[in-house]
Every structure is written in C-alpha cells, then in structure tokens.
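S.K.: model this:
(chains A and B)
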Protein chains: 2
Amino acid sequence: MPTTSNRVANTPSSPIRRLVPYAEAAKKRGVEVFHLNIGQPDIITPQTGVNALQEADLGVIAYSHSAGLISYREKLVEFYSRYGVTVDTEQMIVTNGGSEALLFAMLACADAGDEVIVPEPFYANYNGFAKSLDITIVPITAHIKDGFALPAMEDFEKKISPKTKAILICNPSNPTGYLYSVEELEKLRTIVKKHDLFLIADEVYRDFCYEGQKHTSILALENMENHAIVIDSISKRYSACGARMGVVLSKNESFMVEAMKLAQARLSPSTLAQILAEGLIDTPQSYFGDLTKEYDHRRQTVINRLQAMEGVVCPNPKGAFYAFVKFPVDNCDKFCQWLLEEFEHNGKTIMMAPGAGFYNTDGLGVQEARIAYVLNSDDLNTAMDCLEAALKAYPGRLETNKIELDVN
Amino acid sequence: MPTTSNRVANTPSSPIRRLVPYAEAAKKRGVEVFHLNIGQPDIITPQTGVNALQEADLGVIAYSHSAGLISYREKLVEFYSRYGVTVDTEQMIVTNGGSEALLFAMLACADAGDEVIVPEPFYANYNGFAKSLDITIVPITAHIKDGFALPAMEDFEKKISPKTKAILICNPSNPTGYLYSVEELEKLRTIVKKHDLFLIADEVYRDFCYEGQKHTSILALENMENHAIVIDSISKRYSACGARMGVVLSKNESFMVEAMKLAQARLSPSTLAQILAEGLIDTPQSYFGDLTKEYDHRRQTVINRLQAMEGVVCPNPKGAFYAFVKFPVDNCDKFCQWLLEEFEHNGKTIMMAPGAGFYNTDGLGVQEARIAYVLNSDDLNTAMDCLEAALKAYPGRLETNKIELDVN
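M.R.: Alright, predicted model coming up:
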C-alpha cells in the first residue's frame, strides 16, 4: 500500500467543519440548526453581476489571461481607487478564490522551513495552507481582554528569527471582528521594514466596518511598495462565496514575477466568475450602505444579547461579521458538540465554531467560540434564545469567568 | 527589500507562454497568427451546460460542499460508469480545474524531497507544480522513433529510489498524443504494486481517441484500488477551459482523507462551474461522435501535411489533439521565435510550443515542437502552408534529419 505525505497528514482537519456530521444528525432528528459556524452570508448576490453572467454570449468558454481578463483588471483598478489604493493591472493577479491568492502569496514568499508570524486567534485555514507547504506559522497571542487588538511590538520582535519571511494579518479580522487602526498598521510597517519582511494582509472583509470606522488597506500606506501583499475576494463583499473569485495585489515586482509563474502553471482563473465579478463592480454604491446597515443591525443584535448573558465575555467587534466569544463552560469543543447532539430549545439549536481551532498555542481558546452573524436579525434572536437556554442547561457550565475588558 | 522564495524562483516560466510577447508584437504589425501553441479548442461549449447556468435561479451564490455538490457528484458517478469506471461520490473531490486536482494529488502523495517519475516529453506545467512544492520530477525519456510509447520497464526500475512516491502519466498524452494501450497500463500496474507507488493518471483527454482506439482509465484496471489516482477536467471534453472545473478520483481511502483536508482548506470548488458541468453531463452522446470526427479530420489534415514535408518527422498520434514533431532546424526555440518575429507568408504566420520545455533532460527536444490542432481544417491547412514556406526560408534550416519510425 503506498503511503500519503506527512505534510498533509500533519495538517489538521478544518475545525470549522469538524462538527458537520453532528449537525447533519441533528437535522435528521428534525431539529432546526442555526448555522453560526461558517461565514456564508444569506444576502442575495447582486443582480448586476448575475445579469452580466446570465446574459453573456458565452460561446467558447475559454481560458483567460493567467493574470485575469484585462477588462476585469482595468475595472479593479478603478474599484480599488475608491479605497485610496492606486494599483495598475500589472500589480494584480486574479485568482480562483481568496484561497488561491493566499496560496500564491505563501508559496512565493516562503520556502519549506520558513516562518510566517500570525496574530492568534486566526482564520484556521491559514494552517491548512502553511502546513501542507512546510511553512511554520508562528503565533502571537492577541487577548480577549484587549478586544483582540494588535499584540505589542515587543512580542513581534521576540518571535522574529532568520527564518521569518512575513507577517500575515486579517483586517478586519476573521475570526475576531477586530479592525486594525492606521496606527497599528504603521507599527507593522515599522517592523516589516526594519526586518525586511513581507506584510500579507487578508482584506476580504474590508467592506464590513461599523460605528463609523474606516478600513485602511496596507496598499494605501506610504513606503510599503516592496512589502505589502494584499489578498482580496468578492466572496463576502458581494455574497458570492461560491464564485471562487479572488485577487492578489502587490507593488513588489519580484513577488509579482514569481506569483505569475504559479498563475501560469494553473493556466487561468475562472472566466465565468470574472464575467460575474466584472458585472458586480457596477453594483450601485448604495448597496454597500445598505449592506453595512443590515450587518450592523445583526451585529448589535448578537452583541447585545451576548453581553447580557451572565458570564459571557464578548468584545465589541468593529468589522467583518464575526464575534469571538468566551463562554462560562468547561470546554467549547464539548459545548458545541453537545448543542448539536443533546440539546434543543423549541426544536431548534445552534452551531458555532469552537475557539481552540483558531489558536496555534496549545490550551488557548478552550472556552471560546466564533459566531458568524450571517443570518437575519429575527433568526439571530431565536439563535440567541437557544444559546441562552443552552448555557443554563449545559452540564459543563462553570459558575463564572467574568473578565474585565480593557476596551469597548 | 524582502526576498521571494527559492522554490518559486527555481520554477521555470511556462515554456508555452514564453513566446506570447512576440505573438503580440506580430499581431501589432498586422500579421495574422495561427495559434497552434496552446490547447484552447475553438468548439462552442455545448448549450446544455450554458443553459443550465444561464437559466438557473442563482439567488445566493454560496459555497458548495468542499468535495463538490452532491448532485454533481452523483451525476459524475453515472458519467464514469459509461467508461467502465465504478466509483462512488466519496471517491471524488470536485476541483477548481484539473490543475487543482493535480495540486491535491501531488501534495497528498509526496513530501518535500520526494520524487515522482514522469515519462518525458510531458506537460510542462507538471514542473511548475512540482518545483514549487519541492517535489523532484524524475524524467524517463520516451522516443519519437517509438511514437513516444511507454519506455521500457527496466528504465523505470533504474529510476525508482526510496524517495519515489508516484508515477505520473498523461493518457492520452499532452504533448505527444500517444494513447497508452491496456498492456502498457498493466505494465505500470505491475511496477507500482511491486514498489508500493501511486499511479497518477491525467486523463483529461480521454474522449479524444482516433482510428477506433479506446481509452482505458487506470480506475478500470483490476487490483489498482490502492494505487490509482485519476485527474480529470471538463476543459477539453466540453470545450470549457475557462470554467476551471476538474475532479480528482481515487479508491484509496487514506489518499481521499488527506486530499479532503486540502479541499476543505480552500473551502469549495466553483458553484457556478458545477452548475454548468452538471448540465454538460446531459449533452447528448452524439456530441462526442461529432467531436471525435471533427478532431480526427483536423488530425489527419495536420499529420498528412507534416509527413509530406521533407525532413519533418511526425509520429501518428492516436489521442488528444497534439502532435509532437521533429523539424529539420537548428533549434526550435529560435525557429518558433523567428516565425513570430521575422516571418510571414501572405500576411500570416504560426505559433508553436518549442519542444525543449517539455523535457527535463537537458539537450532533448531541441529540434521538436508541439502542435495543437485546435483550429478548423481550413485554418490548419493555411497554417501548414505557412509552416511549409517557413521551413524553406528559415536560415537555421538543416539539410535532413530523417528518422525511421518504429511504429505507425
């Protein structure tokens, strides 16, 4: 029997999807499951894009340029200018999802054995990519008491080694919802310039900012031309996750040359998704206002309910559509499984993503879970009713774990 | 300035696309360029699939299951049964193009430093994937005098080392058009079973077979359950290259577990492309008869013309839509560039893919080039007129290099 590779064997299964079989079993028992575990929005994909695709004369569905259709890249140039980002069509490669953009960024920056520093908790799939490419993710812990703000620069300095090639952030953050300030990004700039590192920013949630806060792209910072690599995607912005349409952007010419080799090896991004995405760029700007308003309403619904539950610690996220929450329970892995296997409230229950899978440091996040507020507010309220009842009924409930938050 | 990774720096740029700037310059000068360099068919994508996509109520374009929509996988089960392949929905992962299927197969089979044996000439992008994943491709040379048949088993035995994890073939072959016989596949079975290796078969050209020959999938061979991994794609079969819709199939459970981790890390294949592909499976079977007839006509057009040119050596390919041809010239890299830079025949010229890029052994393929016969026969005849005239005019023309072919 041939044996499979160690690098993939050592890659953990997605913690977000581990509970799927329990959810399926619950549904078979007739229990309604509210999916707060995955960032799949319920918003209808805007018609501008759908019409572009469905009314196109497709003819031969051919490969596009490996970097993407020039017509789409030209529209992206205009699109990013709305965010204060000046790029040209040679500074971007259209990818099959933000995932492929991340794959290209990691491969072109880091050799096997190299290190990438990532503030934790972080998007668990970063591990999936890094492990299978023999890249070591070096975590720096952000703390719930600080609302998951950027860790101190001295923490970064301590972790930088000769093998460090990049710092990777997600801004606004999946899974914490934390939105980095310009000052925090400037601190990161200082450190990547001092140590000759790439700064990779996953900015796929750029359009989801609340309380009047604004997102700043690392490509909009001065003197970052050689260091900044941005990962982006239409998945969340236009609720088009299934289109698998991303882009990797950088002004570092060497990086673009190397990433382009990877792009050519896989020939082309999806032509269908590019036609959709090109249409989506014409979505009226009012869409974003409505979108943010809707998500802000959901955010407030969830945050207010969570903060009112005894023993629950929930910072106030300013971006994305996640809350990273500490519960008064023995173990959130068990709690989330119990919610699906043994609990129901009026025939309903909820599915959350256990927190430990978002940390690389053993023992962290055991009492935490990520909640995606991607359902309408009525459903979210019903889901919070379930959670509130569950916290009272759960056998592993702890008396209290109240933490004073430094921020919010 | 941060530095990029060595593994991608050591990856060669796509040899197929190196000449693109010269082709663009030729077009700017007003010269018509016949593209025989890339496997982009001119056949209209069947309406069954296009209708399925364009008439679908897309609503929220959501992630699919990481292994692909269950409805699509169920249709694939039926589809493969037409080819004598019995698989179930758990033995396949739908991918973003055959490229991603190959990425998953390589990563899940081989660690950094491991070796994969590939008969050369081979599809140049295999190098792009292998190099960036620190996998060594060990070439075994197939010879034009044998029509690029499978090299002798003793050649394989000599190359197998403790680091060998797999043998990778393309059947029918891109770039040679060679179709492996059942006997050849059985020889490969013997060797992979003896040495506990995976056999990865890229079968994306399975539907393109001529002269009454039939393609045999390695999944249809007995006693290959633990060894066979098949890469497939709708790109060529349905002329839908730009959909980026592939699949990786295996009955080896460990392999599927590992590949599934990679699939989950990138979340989902394209939902849009799956809707298209599901519709395409309903394409009437007569489509394939018409398709093969059309390509066979093109194949005969090109082969007859090439074989009639003095000094040109062209085996008779039985599959795919490529011919791998030896020319009486000093260097095909130069010749192909010259065709674009300095030559024209009645305002027209041709673009071919120089052969050396398809070999890993230095010095091989210098006089060879790959021709993709993906244009209609009239255009192919005109292209052959150009080639014939070019061979007379080219300053690096050699007197003769006639080789006796052992087969055809």
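
S.K.: Can you pull the residues of the stretch 251-400 of chain A lying near chain B?
M.R.: A:252, A:254-255, A:258-259, A:261-262, A:264-273, A:276 (Cβ under 8 Å from any Cβ of the partner chain). Glycine gets a C-beta too; all of them are placed from N, C-alpha and C.

S.K.: again, only this time at 6 Å
M.R.: Neighbours of chain B within the stretch 251-400 of chain A, by Cβ under 6 Å from any Cβ of the partner chain: A:254-255, A:258, A:261, A:264-266, A:270-272.

S.K.: Could you give me the PyMOL selection string for whichever of those residues are buried?
M.R.: To isolate the buried members of these in PyMOL, using 16 or more other Cβ atoms under 10 Å in any protein chain shown:
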select buried, chain A and resi 255+258+261+264+265+266+270+271+272
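
S.K.: State the pair within the residues of the stretch 251-400 of chain A next to chain B that is farthest apart.
M.R.: By the measure Cβ to Cβ, A:Ser254 and A:Leu272 form the most distant pair in these, at 31.6 Å.

S.K.: nearest spatial neighbour of the residue positioned nearest the centre of chain A, skipping sequence neighbours?
M.R.: Residue closest to the average C-alpha location in chain A (Cα atoms, centre = their mean): A:Asn174, at 3.7 Å. Distances taken as Cβ to Cβ, 6 or more residues apart in numbering or on different chains place A:Tyr123 nearest to A:Asn174, at 4.9 Å, with adjacent residues excluded.

S.K.: Next: A:Ser270.
M.R.: Closest residue to A:Ser270 apart from its sequence neighbours, by Cβ to Cβ, 6+ apart: B:Arg244 at 4.5 Å.

S.K.: quick one: the one you found and B:Asn96 touch, right?
M.R.: Yes - counting by Cβ atoms under 6 Å, B:Asn96 is a contact partner of B:Arg244 at 5.0 Å.

S.K.: Neighbour count for the two, which is higher?
M.R.: Taking neighbours as other Cβ atoms under 10 Å in any protein chain shown, B:Arg244 and B:Asn96 compare with B:Arg244 leading, 32 against 28.

S.K.: what pLDDT does that one get?
M.R.: On pLDDT, B:Arg244 comes in at 97.

S.K.: now swap in the one 10 residues further on and tell me
M.R.: Predicted confidence (pLDDT) at B:Ser254: the value is 97.

S.K.: which residues sit in contact with the residue nearest to the centre of chain A?
M.R.: Neighbour list for A:Asn174: A:123, A:320, A:322 [criterion: Cβ atoms under 6 Å, 6 or more residues apart in numbering or on different chains].

S.K.: Check what pLDDT it gets.
M.R.: For A:Asn174, pLDDT reads 97.

S.K.: and it, backbone torsions?
M.R.: Backbone torsions for A:Asn174, taken as degrees, to the nearest 10, come to phi -100, psi 120.

S.K.: Could you do A:Asn96 as well?
M.R.: phi -80, psi 80.

S.K.: what does the one 10 residues further on give?
M.R.: Backbone torsions for A:Met106, taken as degrees, to the nearest 10, come to phi -60, psi -50.

S.K.: Distance check, A:Met384 against A:Gly177.
M.R.: 17 Å (Cβ to Cβ, to the nearest Å).

S.K.: do the same with A:Asp114
M.R.: A:Asp114 is 29 Å from A:Gly177, by Cβ to Cβ.

S.K.: So between the two, which is more surrounded?
M.R.: More neighbours surround A:Gly177 than the other of A:Asp114 and A:Gly177, with 29 against 22 (other Cβ under 10 Å).

S.K.: who are the neighbours in contact with A:Pro354?
M.R.: Here A:Pro354 is in contact with A:332-333, A:336, A:369 (criterion: Cβ under 6 Å, 6+ apart).

S.K.: So which residues make contact with the helix or strand encompassing A:Ala25?
M.R.: Remark: A:Ala25 resides in helix A:20-28, with elements defined by DSSP states H and E. Around helix A:20-28, the neighbours that count as contacts under Cβ under 6 Å, 6+ apart are A:33, A:337, A:340-341, A:351.

S.K.: Figure out how far it is from the centre of its chain.
M.R.: Averaging C-alpha positions (Cα atoms, centre = their mean, to the nearest Å) puts helix A:20-28 25 Å from its chain's average.

S.K.: Flag every buried residue along that helix.
M.R.: A:20, A:22-23, A:26.

S.K.: same deal with stretch A:54-73?
M.R.: Neighbour-count burial for stretch A:54-73, with 16+ other Cβ under 10 Å as criterion, is recorded at A:54, A:56, A:58, A:60-69, A:72-73.

S.K.: Likewise for stretch A:309-327?
M.R.: A:309, A:311-327.

S.K.: can you list the residues that contact that stretch?
M.R.: Applying Cβ under 6 Å, 6+ apart, the external contacts of stretch A:309-327 come out as A:144, A:147, A:172, A:174-177, A:179, A:205, A:208-211, A:213, A:295, A:302-303, A:306-307, A:328, A:367-374, A:388, A:400-401, A:403, A:408.

S.K.: Now list the buried members of the residues you listed.
M.R.: The buried subset of the contacts of stretch A:309-327 (16+ other Cβ under 10 Å) comprises A:144, A:147, A:172, A:174-177, A:179, A:205, A:208-210, A:295, A:302-303, A:306-307, A:328, A:367-374, A:388.

S.K.: Narrow those to those in strands?
M.R.: Members of the buried ones among the contacts of stretch A:309-327 lying in strands (criterion: DSSP state E): A:368-372.

S.K.: can you map out the strands along the stretch 51-200 of chain A?
M.R.: A:92-95, A:115-120, A:136-141, A:164-170, A:198-202 (DSSP state E, counting those that start in this stretch).

S.K.: Quick one: closest of the ones you listed to chain B.
M.R.: Of all the strands of the stretch 51-200 of chain A, strand A:198-202 sits nearest to chain B, with 4.8 Å by Cβ to the nearest Cβ.

S.K.: need the helices for the stretch 1-150 of chain A, in chain order.
M.R.: Under the criterion DSSP state H, counting those that start in this stretch, helices of the stretch 1-150 of chain A are mapped to A:6-9, A:20-28, A:47-54, A:70-81, A:97-109, A:125-132.

S.K.: Helix, strand, or coil at A:Gly363?
M.R.: Three-state call for A:Gly363 (DSSP: H, G, I helix; E, B strand; the rest coil): coil.

S.K.: What's the separation between it and B:Ser239?
M.R.: A:Gly363 is 54 Å from B:Ser239, by Cβ to Cβ.

S.K.: More neighbours: these two, which one.
M.R.: B:Ser239 (23 against 7).

S.K.: in which helix or strand would I find that one?
M.R.: Secondary structure (DSSP H and E) places B:Ser239 outside all helices and strands.
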